[in-house]
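Q: What would the 3D arrangement of this be:
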Amino acid sequence: MSAAPRRIAAIAGGGFLMDDESLAQERWLLALARCPRPQVLFVGTAGGDGERGQLKFFRTFSRLDCRPSVLPFFPYDMRRDYRAAVLDADLVYVGGGNTPAMLAVWREFGFDAALREAYDAGTVLAGISAGANCWFERYITDSVPGGGVRSGLGWLPGCYCPHLDSEPWRQALLAAQPAPALGAGDGVIVLYEDGRRSDAVHSAVKAPMLRERADGDAVLREVAPRAIAQAPAAPLPTLAA
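A: This next block holds a predicted model:
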């Protein structure tokens, strides 16, 4: 029997961190995991491990058939084995925020190597915004003065840009990038298997945006992601202000 593909899901926006209560993205991600009732690990480094993001994660994933946990770097816990935590996870969800700062922290603690080890062993890696940027060779970010292009981990080819529809300034930067280049609007998830794009889905309320420049393409072209089937969901509990 052939080994399962290594999977990374790049989320441009939407889902629980952007107050989408449909649970469509989250159910779709759980279906990618290698086992029933997967262990799901939230890594909120890019957002400074803010408590609100962690609360949103727990209140969402605790309603689904999985085992949620969080792995904060702020504060850092010397007694916890960070490598073991990520290797034990079946799905790692990386939150949004400051991509360059997140990568600097990961590299300082060797966490990028732990993530790579888990990825190669079959853990699904997913993330929104900064949590999508980080896996690519290059990414477009608003976390540097004036916005710009920076280098990521390089596990996926080319340049990636999230929030392509909700932050239009990103479109010119993406258009200037050589192939391969990919930009996605809020609600769009692009799935990579063994380093190649294998699927694109969306949970967007309005028309989803996905643009790609492949080798040989002079300009970006439109790609049509398919809609995620949505099951009814009860309202999420209200977070305290």
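Q: Not counting sequence-adjacent ones, nearest residue to the residue nearest the centre of the chain?
A: Nearest to the mean C-alpha position of the chain, counting by Cα atoms, centre = their mean, stands residue 127 at 1.5 Å. Spatial nearest neighbour of residue 127, chain neighbours left out: residue 94 (3.2 Å); criterion: Cβ to Cβ, 6 or more residues apart in numbering. Quick note: C-beta positions are derived from backbone N, CA and C, even for glycine.
Q: on that earlier part again, just the CA coordinates for the helix or strand harbouring the residue nearest to the centre of the chain, please, in CSV.
A: Using DSSP states H and E, residue 127 sits in strand 124-128. This file holds the C-alpha atoms of strand 124-128, laid out as CSV (Å, rounded to 0.1, in the frame of the first residue of the first chain):
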residue,chain,number,x,y,z
VAL,A,124,-1.4,17.6,8.0
LEU,A,125,-0.2,21.2,8.2
ALA,A,126,-2.8,24.0,7.8
GLY,A,127,-2.9,27.7,8.5
ILE,A,128,-4.6,31.0,7.8
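Q: helices or strands up against that strand?
A: Secondary-structure packing of strand 124-128 (3 or more Cβ pairs under 8 Å, 6 or more residues apart in numbering; DSSP states H and E): strand 7-11, strand 91-94, helix 111-121.
Q: who wins for proximity to residue 223 among these?
A: strand 7-11 (13.2 Å; Cβ to Cβ).
Q: What's the first helix or strand after that closest one?
A: Counting by DSSP H and E, what follows strand 7-11 is helix 24-30.
Q: Show me what that following helix is packed against.
A: Applying 3+ Cβ pairs under 8 Å, 6+ apart, we find helix 24-30 packed against strand 91-94, strand 188-193.
Q: Recalculate using a threshold of 10 Å.
A: For helix 24-30, the contact count by 3 or more Cβ pairs under 10 Å, 6 or more residues apart in numbering; DSSP states H and E identifies strand 7-11, strand 39-43, helix 51-61, strand 91-94, strand 124-128, strand 188-193, strand 196-202 as packing neighbours.
Q: Got the phi and psi for residue 173?
A: Dihedral angles of residue 173 (phi, psi; degrees, to the nearest 10) stand at phi -60, psi -40.
Q: Give me the nearest residue to it, chain neighbours excluded.
A: Leaving aside its sequence neighbours, residue 173 sits nearest to residue 140 (Cβ to Cβ, 6+ apart; 5.1 Å).
Q: Tell me the buried residues in the helix or strand that contains that neighbour?
A: Using DSSP H and E, residue 140 sits in strand 136-141. Residues 136, 138-141 are the ones in strand 136-141 that count as buried (16 or more other Cβ atoms under 10 Å).
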